[in-house]
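# just a sequence and a predicted model for now, questions to come.
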Amino acid sequence: MKTIIVGGGIMGLATAWGLARQGHAVELFEQGPLPNPLASSVDEHRLIRHPYGDHAGYARMIDQAYAAWELLWNDLGQRLYAATGTLALTGNGESWAARSAATLARIGKTMMELPIDELPQRFPQLDARGVDRAFWMASGGVLFAQDIVAALVRHLAGRPNVALYAHTPVRLVELEHARIVTDAGTQHDADVVVVAAGAWVGRLLPTDRRLVPSRQVVIYFDLPAEQRAIWAKHPMVIDKTGDVGLYLVPPAEGRGLKIGDHVFSRTGDPSAERQASEEEMRPLLRRCGDLIKDFRRWRVDRLKVCFYTVTEDERFVVEKQGAKGWLMSPCSGHGFKFGAVMGLELARTIASGRDPAAHARWAAGLEGDKPS
Ligand SMILES: Cc1cc2nc3c(=O)[nH]c(=O)nc-3n(C[C@H](O)[C@H](O)[C@H](O)COP(=O)(O)OP(=O)(O)OC[C@H]3O[C@@H](n4cnc5c(N)ncnc54)[C@H](O)[C@@H]3O)c2cc1C
């Protein structure tokens, strides 16, 4: 069986990996270089964590995600992950961490509530004023995203049943016939076509209005050396205490320290020039100043503009479309952690003829177990 995949981000590459390791032929088309620095998947890191608010389906899927990453590390011969643990803070009437803890308790996992008066001692880098409740979990960590994508490209390039076409934009997809046409006018045919085009998906499937590109800005910081060493061992922080919620990615294993917010802009063109100013990051920087002790000694190293592809309910869209097509868009700003499992499971469904509707429900986090 031969599958064409459009898009060389984590979703397209992981699906190619899943199919190729079962012995199937794959042709993957990427409009830019492979990896493409403009892809959502190409940044120093992405977080993986069990707490998921009310989304029990995704919370349950985290164990499957970890198992799929293990399989990938095994195939790649390297582990591109650092465990950090997860610290979630709430205040200001927010309840995400408490709801996450309740959801996890229902599925048999423990997120421990920490006494607020112990926070200064346990996490002396943080200013706990305004924090009403704090929760801790030993699981969770940092996936070295751009290294994973680059390693997957190298791995796939070495497989005889995989053809990678970089700098080859696809302009037309025929889902009924598993056919694509490149910008250069070349036609390719297969048994199945998977569209994993990230924030550009609307150009290939313009009638699907559920998936909205969303320009997001993250900040990388320069820290004094002694602070860097401390933060390198710090858990990830998900803070929903101030008027701006933020996540902090610790600088594990020599990577940068990054802070972002999860507020969807729901605007922007992923192909437009990507510029951001410190000015537009003022609210986030103000919140950092309140939450992080000694923040005045931090310097903004760089701003990075990246794109989410968001749905109204933040659930993933992975669906069969037409007789021979799949739309694969697991994003809404939280898809990378599931990249390996999304790719493996879609490859299994394509190859085994599993029920596509069950697959779509599972990917949308609406079922606890894998599609059957
Ligand atoms: C700032 C930021 C922070 C995030 N943090 C997290 C996190 O902590 N944890 C987490 O789990 N997730 C996180 N995410 C989400 C995660 O990164 C995405 O869900 C995931 O990377 C999406 O992968 P993808 O393969 O669908 O898209 P992409 O990585 O964007 O890949 C799509 C590819 O398709 C190519 N393409 C598009 N159109 C065409 C065409 N016509 N022809 C050929 N190629 C084409 C593009 O060039 C691109 O390379 C974050 C995202 C951002 C932006």
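Thanks, I have it.
# can I get stretch 250-270 in PDB, CA atoms only?
This file holds the C-alpha atoms of stretch 250-270, laid out as PDB (Å, rounded to 0.1, in the frame of the first residue of the first chain):
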ATOM      1  CA  PRO A 250      12.600  25.000  32.000                       C
ATOM      2  CA  PRO A 251      15.900  25.100  30.200                       C
ATOM      3  CA  ALA A 252      16.500  21.400  30.400                       C
ATOM      4  CA  GLU A 253      19.600  19.900  28.900                       C
ATOM      5  CA  GLY A 254      21.000  23.100  27.500                       C
ATOM      6  CA  ARG A 255      17.900  24.300  25.800                       C
ATOM      7  CA  GLY A 256      16.400  27.800  26.300                       C
ATOM      8  CA  LEU A 257      14.000  28.900  28.900                       C
ATOM      9  CA  LYS A 258      10.700  29.800  27.300                       C
ATOM     10  CA  ILE A 259       7.500  31.400  28.500                       C
ATOM     11  CA  GLY A 260       4.300  31.700  26.600                       C
ATOM     12  CA  ASP A 261       0.600  32.200  27.100                       C
ATOM     13  CA  HIS A 262      -2.200  30.000  25.800                       C
ATOM     14  CA  VAL A 263      -4.500  32.800  24.700                       C
ATOM     15  CA  PHE A 264      -5.600  32.100  21.100                       C
ATOM     16  CA  SER A 265      -5.100  35.100  18.800                       C
ATOM     17  CA  ARG A 266      -7.200  33.400  16.100                       C
ATOM     18  CA  THR A 267      -5.700  35.700  13.500                       C
ATOM     19  CA  GLY A 268      -2.700  35.800  11.200                       C
ATOM     20  CA  ASP A 269      -1.300  34.200   8.100                       C
ATOM     21  CA  PRO A 270       1.300  31.500   8.600                       C
END
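# host element of Ala184?
If you go by DSSP states H and E, Ala184 is not part of any helix or strand.
# tell me the contacts of the nearest residue to it once chain neighbours are set aside?
Leaving out its chain neighbours, the residue that sits closest to Ala184 by CB to CB, 6 or more residues apart in numbering is Thr168, at 7.4 Å. Where C-beta positions appear, they are placed from N, C-alpha and C, glycine not excepted. By CB atoms under 8 Å, 6 or more residues apart in numbering, the residues touching Thr168 are Phe29, Glu30, Gln31, Thr182, Asp183, Ala184.
# try 10 Å
By CB atoms under 10 Å, 6 or more residues apart in numbering, the residues touching Thr168 are 6, 8, 27-32, 34, 180, 182-184, 186, 188.
# now swap in Val192 and tell me
If you count contacts by CB under 10 Å, 6+ apart, Val192 has them with 1-5, 19, 24, 26, 175, 178, 320, 323-326, 346, 350-351.
# next one: Ala199
9, 38-40, 211-215, 268-271, 306-310, 329, 331.
# now the element after the helix or strand hosting Val318, going C-ward?
Under the criterion of DSSP H and E, Val318 resides in strand 317-321. Where DSSP H and E defines the elements, the next helix or strand beyond strand 317-321 is strand 325-329.
# now the closest residue to the ligand within the stretch 51-200 of the chain: how far from Lys240?
In the stretch 51-200 of the chain, the residue that lies nearest the ligand is Gly198 (2.5 Å; CB to the nearest ligand atom). For Gly198, the distance to Lys240 (CB to CB, to the nearest Å) stands at 27 Å.
# for Ser214, see how far away the residue in the chain that the ligand sits nearest to is.
Distances between the chain and the ligand by CB to the nearest ligand atom are smallest at Gly9, namely 2.0 Å. Note on Gly9: its distance to Ser214, by CB to CB, is 15 Å.
# repeat for Ser40
Between Ser40 and Ser214 the distance is 10 Å, computed by CB to CB.
# hmm, back to that, so which of Gly9 and Ser214 has more stuff around it?
Using other CB atoms under 10 Å as the criterion, Gly9 and Ser214 rank with Gly9 on top: 28 against 22.
# for that one, what are its contacts?
Residues counted as contacts of Gly9 (CB under 10 Å, 6+ apart) are 30, 34-36, 38-42, 145, 149, 196-200, 328, 331, 335-336, 339.
# so what pLDDT did it get?
pLDDT recorded at Gly9 is 98.
# same deal with Arg171?
Looking at Arg171, its pLDDT stands at 98.
# for it, give me phi and psi.
In terms of degrees, to the nearest 10, the main-chain angles of Arg171 are phi -110, psi -20.
# and it, how many residues sit next to it?
13.
# leaving out chain neighbours, which residue sits closest to it?
Spatial nearest neighbour of Arg171, chain neighbours left out: Asp183 (5.0 Å); criterion: CB to CB, 6+ apart.
# what about the one you found, how many neighbours?
Count around Asp183 with other CB under 10 Å applied: 12.
# equivalent analysis for Pro37, please.
Quick note: Pro37 (other CB under 10 Å) scores 12 neighbours.
# which parts of this protein sit against the ligand?
The chain comes close to the ligand at residues 6-12, 29-32, 36, 39-41, 46-47, 169-170, 196-200, 204, 216, 218, 260, 306-308, 331, 333-337, as judged by CB under 6 Å from any ligand atom.
# can you flag which of these belong to strands?
In this view, the residues of the chain next to the ligand that belong to strands under DSSP state E are Val6, Phe29, Arg46, Leu47, Val170, Gln216, Val218, Gly260, Cys306, Phe307, Tyr308.
# from what I see, Ala190 and Val173 are in contact.
No. Between Ala190 and Val173 there is no contact under CB atoms under 10 Å: 11.1 Å.
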